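Enquirer: build me a structure from this.
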Amino acid sequence: MSLRPLRIAAHAELVSLVVMLANLATVHLGPVSSLMGPTHGCAYLVVVIATWRHGRATPAAKALAVVPGVGGLLALRRLDPGTAAAPAP
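Expert: Residues are numbered from 1 along each chain as shown. Coordinates of the predicted model:
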């Protein structure tokens, strides 16, 4: 099973959260909130569902996926052995 949809949704979730928080901390424009809120919510749901449906998802990866904001990236790190750091010598 491909991790590409999960990777895209995880990054969209994080970026949308950062934009929402920056908007809240600065000018708090209504249209930005109206766009980023549903975007973040959809990306969050895609991350959770994609992680739970993945064949190699461990219970730890499933639990990490439910963490808002960075949970998708943490779950992706658990699922993708190519992103793991090399062991120290």
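Enquirer: need the contact partners of the top helix by length along the chain.
Expert: Longest helix of the chain, by residue count under DSSP state H: helix 30-53. By CB atoms under 8 Å, 6 or more residues apart in numbering, the residues outside helix 30-53 that reach it are 1, 5-6, 9-10, 12-13, 16-17, 19-20, 23-24, 57, 61-62, 64-66, 68, 71-72, 75, 79. Every C-beta, even on glycine, is put in place using the N, C-alpha and C of the backbone.
Enquirer: for that helix, buried residues please.
Expert: Within helix 30-53, the residues scored as buried using 16 or more other CB atoms under 10 Å are 32, 36, 39-40, 43-44, 46-48, 50-51.
Enquirer: rewinding a little: buried subset of the contacts of helix 30-53?
Expert: 6, 9-10, 12-13, 16-17, 19-20, 23, 57, 61, 64-65, 71-72, 75, 79.
Enquirer: phi, psi for His54 please.
Expert: Backbone torsions of His54, given as degrees, to the nearest 10, read phi -70, psi 140.
Enquirer: helix or strand for Lys20, just tell me which one.
Expert: One correction, residue 20 is Met, not Lys. Counting by DSSP states H and E, the element that carries Met20 is helix 4-25.
Enquirer: next one: Arg56
Expert: Here Arg56 is assigned to no helix or strand, by DSSP H and E.
Enquirer: that one contacts Leu79, doesn't it?
Expert: Yes: Arg56 sits in contact with Leu79 when judged by CB atoms under 8 Å, with a separation of 6.0 Å.
Enquirer: just the CA coordinates of stretch 63-76, formatted as PDB?
Expert: The C-alpha coordinates for stretch 63-76 follow below in PDB (Å, rounded to 0.1, in the frame of the first residue of the first chain):
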ATOM      1  CA  ALA A  63      -2.500   6.000  18.300                       C
ATOM      2  CA  LEU A  64       0.000   8.600  16.900                       C
ATOM      3  CA  ALA A  65      -2.200   9.400  14.000                       C
ATOM      4  CA  VAL A  66      -4.900  10.700  16.300                       C
ATOM      5  CA  VAL A  67      -2.700  13.500  17.600                       C
ATOM      6  CA  PRO A  68      -3.700  16.700  15.900                       C
ATOM      7  CA  GLY A  69      -1.100  18.600  14.000                       C
ATOM      8  CA  VAL A  70       1.900  16.400  14.000                       C
ATOM      9  CA  GLY A  71       0.300  13.000  14.500                       C
ATOM     10  CA  GLY A  72       0.300  12.300  10.700                       C
ATOM     11  CA  LEU A  73       4.000  12.900  10.400                       C
ATOM     12  CA  LEU A  74       4.800  10.800  13.500                       C
ATOM     13  CA  ALA A  75       2.600   7.900  12.200                       C
ATOM     14  CA  LEU A  76       4.300   8.200   8.800                       C
END
